[in-house]
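A.B. asks: Sharing a model that was predicted from the sequence below.
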Amino acid sequence: MVSRRSGPESLAALVEAFHRQPGLSRLRTVLVAAARAGKRTEVRAHLIERLEADAACDPRCLYRLYLEDGQDLQAAQTARCLGDPGSLIEVAEATVSRFRILALQLYLEAADRLARQGRRPAYARAAAVLCRLREATAGDEGAWHVLIRGFAVQQRRRRGLGQEMIRAGLDPADLPFSAAGP
């Protein structure tokens with residue numbers, strides 16, 4: 001029969017299990033147990049310290065902890081280290097209301113990384129990210145036009161990307177490349 005441990009012993013065991021095999025589901029379990037034990041702040045600080053020191057840690061755990069702590073710049077830097085557009089998008093969505101300029105930059109970086117993959121599905125995903133960027137700049141049309149034109153000029157040779165951008169509902173007048181073809 002497995003005996004249930006009391007709060008502090010159980011929390012210590014969960015933290016130790018996370019250190020042995022870090023992952024997002026274990027991170028959530030540890031944070032819930034820490035909140036129940038009234039030690040969320042201390043446990044979070046400990047986890048961040050350990051994850052920062054561990055070169056082999058899962059950066060997704062680290063940037064999610066940073067986001068929860070409101071450390072948007074550190075979260076963005078960690079997501080950039082991953083090189084995964086999905087991580088950049090996740091951080092952008094989490095920071096858009098707190099740090100709009102950072103979120104806009106992350107959306108553009110994600111769209112650029114997707115476009116550089118050079119495949120139609122990645123182009124479609126980049127166009128969807130640009131639609132999110134347009135939503136984030138709602139009310140500031142000048143900023144939207146500067147951002148989209150800069151992106152489109154940089155990606156002007158990617159005809160398939162232009163077609164996907166038009167298909168996603170972005171204004172063809174903002175696109176300086178010929179995307180009207182078949």
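C.D. replies: Structure received. Residues are numbered from 1 along each chain as shown.

A.B. asks: on contacts alone, who are the packing partners of the helix or strand containing residue 144?
C.D. replies: Assignment of secondary structure by DSSP states H and E places residue 144 within helix 141-154. Secondary-structure packing of helix 141-154 (3 or more Cβ pairs under 8 Å, 6 or more residues apart in numbering; DSSP states H and E): helix 100-115, helix 120-136. (Each C-beta comes from the backbone N, C-alpha and C, glycine too.)

A.B. asks: 10 Å - rerun?
C.D. replies: The contact analysis (3 or more Cβ pairs under 10 Å, 6 or more residues apart in numbering; DSSP states H and E) places helix 141-154 against helix 100-115, helix 120-136, helix 159-167.

A.B. asks: Take those helices and write them to TSV, including distance to residue 32, mean pLDDT and mean neighbour count.
C.D. replies: Below are those laid out as TSV (distance: least, Cβ to Cβ, whole Å; pLDDT from 0 to 100; neighbours: other Cβ atoms under 10 Å):
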stretch	distance to residue 32	mean pLDDT	mean neighbour count
helix 100-115	27	93	21
helix 120-136	30	93	20
helix 159-167	40	88	21
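
A.B. asks: Please tabulate those helices in TSV, including the columns distance to residue 65.
C.D. replies: Shown next, in TSV, are the helices and strands packed on helix 141-154 (distance: least, Cβ to Cβ, whole Å):
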stretch	distance to residue 65
helix 100-115	17
helix 120-136	24
helix 159-167	34
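
A.B. asks: Number of residues surrounding residue 24?
C.D. replies: In terms of burial, residue 24 registers 11 neighbours under the definition other Cβ atoms under 10 Å.

A.B. asks: Could you pull up the residues touching it?
C.D. replies: Contacts for residue 24 (Cβ atoms under 10 Å, 6 or more residues apart in numbering) come out as 58, 60, 61, 64.

A.B. asks: of all those residues, which two lie farthest apart?
C.D. replies: Distances among those were taken as Cβ to Cβ; the most separated pair is 58 and 64, at 9.6 Å.
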